[in-house]
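K.L.:
The following block contains a protein sequence and its predicted model.
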Amino acid sequence: MSDSKTAEPTPDDEDWRKTLPSETYQVMRCHGTERAGTSPLNLEHRAGSYHCAACGAALFESTTKFDSGTGWPSFYAPLPGAVGTTVDRRLGMPRVEVHCAHCGGHLGHVFPDGPEPTGERYCMNGVALRFAPQER
């Protein structure tokens, strides 16, 4: 995990509000969290890739997805350069926030309790992701 800044300017708040569904806006722009167990992506097992719901940038491959038992889509590694991280102290304890490296949208958090080969658990909000099935 490495701290990084967003690669490009983020859309202004009004653009985000106009283009994103309200729950997605709350998560991606206001650092909200969807309720555990509510994302249909928890049950997604097809081959494909997961993209940012705001800008469409590819973030994770389905081969890195695993069932963490937390109620949120979880991955053990992002695509190279796809995400950035910052330290989040909003709950009084430090956590590592994950955001899209392209647009800066909040995706979730990463924890050091995932499976090998990385030992990391990228715990993502499903409303911040879009699944693209692998074409046959």
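P.N.:
On my side now, so go ahead.
K.L.:
now the strands for this structure?
P.N.:
48-52, 58-61, 65-66, 74-75, 83-88, 95-100, 106-111, 121-124, 129-133 (DSSP state E).
K.L.:
which ones are touching the spatially most central residue of the chain?
P.N.:
Nearest to the mean C-alpha position of the chain, by CA atoms, centre = their mean, lies Leu107 at 3.2 Å. By CB atoms under 8 Å, 6 or more residues apart in numbering, the residues touching Leu107 are Met28, Cys52, Leu59, Val83, Val98, His99, Cys100, Tyr122, Met124, Asn125, Ala128, Leu129. The way it works is simple: take the backbone N, C-alpha and C, and place the C-beta from them, glycine included.
K.L.:
Would you quantify the distance from the first one to Leu129?
P.N.:
Okay, so that is Met28. When distance is defined by CB to CB, to the nearest Å, Met28 is 10 Å away from Leu129.
K.L.:
so what sits against both of those two?
P.N.:
Counting by CB under 8 Å, 6+ apart, the residues touching both Met28 and Leu129 are Ala53, Leu107.
K.L.:
quick one, longest helix in the chain?
P.N.:
Using DSSP state H, we find that the single longest helix of the chain is helix 22-30.
K.L.:
Off-centre distance for that helix?
P.N.:
Centroid separation for helix 22-30 versus its chain: 12 Å, with CA atoms, centre = their mean, to the nearest Å.
K.L.:
how many other residues sit next to Gly104?
P.N.:
As a burial measure, Gly104 scores 22 neighbours (other CB atoms under 10 Å).
K.L.:
that older thread, what is the longest helix of the chain packed up against?
P.N.:
Where contact means 3 or more CB pairs under 8 Å, 6 or more residues apart in numbering; DSSP states H and E, helix 22-30 is packed against helix 13-19, strand 106-111.
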